[in-house]
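1. Sequence and predicted structure are below.
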Amino acid sequence: MSVCGDEPQVGRSHATRSLASTARAVAWSTGLAAALAFAGCKGEPPQKPAQPEPPAETAAPAPAEDVAPATTAPVDVGTPAPAPEDAAAAPADDNATTAPAEEHAWWRGAVFYEIFVRSFNDSDGDGIGDLQGLIDKLDYLNDGDPNGGDDLGVDAIWLMPINASPSYHGYDVTDYQAVNPDYGTLETYDKLIEEAHKRGIRVITDFVLNHSSSQHPWFLDAKSGPDAAKRAWYSWRDTPPEGWKRPWDGASVWYKSGDSYYYALFWSEMPDLNLGNPEVEKAMTDAARFWLKRGQDGFRVDAVRHLFESPEGKLADYEANHPFLGRFRKVLDAEYPKAMMVAEAWSGAEDQVAYYGDGDEFHLGFSFETADKLKAAVKDGVRSELNQLLDKVPTVFAKDPGFEAPFLTNHDMPRIMRQLDGDAAGMRLAAALLMAWEGTPFVYYGEEIGMQGGAGGGDENKRTIMRWNQEGPGFGFTTGTPWYAVPDEAPKTAVAAQNDDEGSLLKLYRRLIALRHGSPALKWGALRRVEVDGSKGAVAFLREAPAQRVLVVVNLDREPSEAFDAPVTGTPKVLFSEGLTGPLATRAGALTIPPLGARGFAFIELK
């Protein structure tokens, strides 16, 4: 999570997932393959330092046929188990165990779509996106219509904070059990859940566990004096301890209020909650229950590396994070066993995987290192870092390869198309790599149409309005004035302009998502690099599941590759490609890949 640009840069089971998307994918990939035979085509937690000293405390190929229709089953949200009255203060029985990760849990094999509600679609003309506006656009994401075919085909959506908040971004929450009035009401939210589930779309939201707003009633009470009822809900000191500095920029993290100082890692207006206080743990667990009881499917948990601090001032990845998270997960598993949690642990893969625990903390973790390496490989055209990542990932994620949640960019980063300097071919290759990677991929809204966002460094420029059409000033987002200045975008950067363009980026995303849905290997398979020689930009890796093997080959270079050999066996069948210039050839122990066009890629099933 980032508010001021200060974060470091470093359900349904398979059987009941969106049936429309799956059936379309199977029909599409089967029919297309024939046509593309060679076509170019954190026990009790340690307290934060305790009273009486006050506690202490980021050129298109020929089109494929549209996917064949199918029926969609409504999401089975299940019935929550009865909740103990004080489950957070008194965790679930020690004999109860966390459900093991299931290969076909609903999020395994799903494609997620991240949405900033404020910028997605405005239903009432006030220039601010809202929940009704999102409802109105659900069919774009997944229409659930057996006669449809123009939906993106995603299985789940992640909403950035929708709680009451004084800030545009929502990461400083004033009420954990209310909807931001700018976005609508709880009734509208309930309607969103209902309509999304009708279409087979799961819904998760941001859960800001680390801190609240300085305007939250809890903090307003806490800062009223040392004897306040909620004083110990936050971390206070008479004087700031020495050596406590924000990890990524060295800034101060203690702020004066009255005669004391409170701890706030991200910003003075975001005081950190004292999660070592059992009352706070219970309050936050109750807040999670509130949304799950309404039918929500899980959470993206913000800033998980920073939940606890050591007495000496270790402000990231302190060991007390893990028993807390284990208890939190255990309670939610006991009551809502289908709920999913994904961790924002902005760091390298080794820090990320620590939040898997023993399968008892998070179900997924965002893969920041993977995102960085994928983007660098595409932008620089150099394969060494991508090959190193391919070698590293199977080892780091050996406990559970499906723990990865890969993405290209999110709301805290300049958009991928801007990072690629508008390189359309590079954007297509990046999309293919994302959909070829292991784990559960996340797409940031507008990525699928190549939005670049604003050029400035402010976070608002990373979160500009969705471009539904090319008609300013509202661009189909609003009939009023958008809440933030609309940046210039490249021609045809709009849904309407790409919807019927068979060579568009939007069409490519639809096809790649459909391809992934129809492939057991791409949804669930392990990842393994395949050594290839010859062409300097050529990279190959296998996705392997019991039911299928898929070889993925890419050319990172800006020039066509030479033909090269991949040491794999099996009868090849092209599932999808861009830039494959000739037929595949097999010989003893190897598959010869014909020259691949600049930034080309191919998905090849090996039978």
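-> Cool, got the structure.
2. How confident was the prediction at the residue nearest the centre of the chain?
-> For the chain, F442 is the residue whose C-alpha lies nearest the centre (Cα atoms, centre = their mean; 4.1 Å). Looking at F442, its pLDDT stands at 98.
3. Specify the beta-bridge partners of it.
-> Beta bridges link F442 to F112, F407, judged by DSSP bridges.
4. Show me the strands in the stretch 101-250 of the chain, by range?
-> Here the stretch 101-250 of the chain has its strands, by DSSP state E, counting those that start in this stretch, at 112-115, 156-159, 163-164, 175-179, 202-207, 236-237.
5. tell me what the first one is packed against?
-> Contact here means 3 or more Cβ pairs under 8 Å, 6 or more residues apart in numbering; DSSP states H and E; on that basis strand 112-115 packs against strand 156-159, strand 442-444. For glycine as for every other residue, the C-beta is placed from the backbone atoms N, C-alpha and C.
6. Need these in JSON lines (columns: distance to L192).
-> Below are the helices and strands packed on strand 112-115 laid out as JSON lines (distance: least, Cβ to Cβ, whole Å):
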{"stretch": "strand 156-159", "distance to L192": "9"}
{"stretch": "strand 442-444", "distance to L192": "19"}
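7. so which of the ones you listed gets nearest D391?
-> For D391, the closest of the helices and strands packed on strand 112-115 is strand 442-444, at 23.6 Å, according to Cβ to Cβ.
8. What is the subsequent helix or strand relative to the closest one?
-> Going down the chain from strand 442-444, the next helix or strand is helix 495-498, by DSSP states H and E.
9. Mean confidence (pLDDT) on that next one, please.
-> The model assigns helix 495-498 a mean pLDDT of 98.
10. Then stretch 290-300?
-> Here stretch 290-300 scores 98 as its mean pLDDT.
11. List the buried residues in that stretch.
-> W291, L292, G295, Q296, D297, G298, F299, R300 (16 or more other Cβ atoms under 10 Å).
12. Tell me the one among the residues you listed nearest to F266.
-> Nearest member of those to F266, counting by Cβ to Cβ, is R300, at 16.4 Å.
13. Doesn't that closest one belong to a strand?
-> Yes. Per DSSP: H, G, I helix; E, B strand; the rest coil, R300 lies within a strand segment.
14. tell me which residues of stretch 455-474 are tucked away?
-> For stretch 455-474, by 16+ other Cβ under 10 Å, it's D459, E460, N461, K462, R463, T464, I465, M466, R467, W468, G474.
15. Ok, stretch 548-558 next?
-> For stretch 548-558, by 16+ other Cβ under 10 Å, it's Q548, R549, V550, L551, V552, V553, V554, N555, L556, D557.
16. The fourth one: what's it in contact with?
-> Meaning L551. By Cβ atoms under 8 Å, 6 or more residues apart in numbering, the contact set of L551 is V530, A540, F541, L542, A566, V568, P572, L591, F603, I604, E605, L606.
17. Number of residues surrounding the fourth one?
-> By the measure other Cβ atoms under 10 Å, the count of residues near L542 is 20.
18. One more: the last one?
-> Other residues near L606 come to 19 when the count uses other Cβ under 10 Å.
19. Check the second one too.
-> When counting by other Cβ under 10 Å, one arrives at 25 neighbours for A540.
20. Tell me the gap between the longest strand along the chain and the middle of its chain.
-> Determined from DSSP state E, the single longest strand within the chain is strand 596-606. Centre-to-centre, strand 596-606 and its host chain are 26 Å apart (Cα atoms, centre = their mean, to the nearest Å).
21. Strand partners (parallel or antiparallel) of that strand?
-> Here, using DSSP bridges, strand 596-606 pairs with strand 548-555 (antiparallel), strand 572-580 (antiparallel).
22. The residue nearest to the centre of the chain reaches T409, doesn't it?
-> No. Between F442 and T409 there is no contact, the gap being 9.9 Å when judged by Cβ atoms under 8 Å.
23. how does this protein divide into domains?
-> If you go by automatic domain parsing, the domain ranges for the chain are 14-46+59-70+107-520, 524-606.
24. among those, which gets the worst mean confidence?
-> domain 14-46+59-70+107-520 - the lowest mean pLDDT of the domains of the chain, at a mean of 91.
25. Give me the distance from it to the chain's centre.
-> With Cα atoms, centre = their mean, you get 4 Å for domain 14-46+59-70+107-520.
26. what do you get for stretch 565-572?
-> 33 Å.
27. what comes up buried for that stretch?
-> Across stretch 565-572, burial judged by 16+ other Cβ under 10 Å covers D565, A566, V568, P572.
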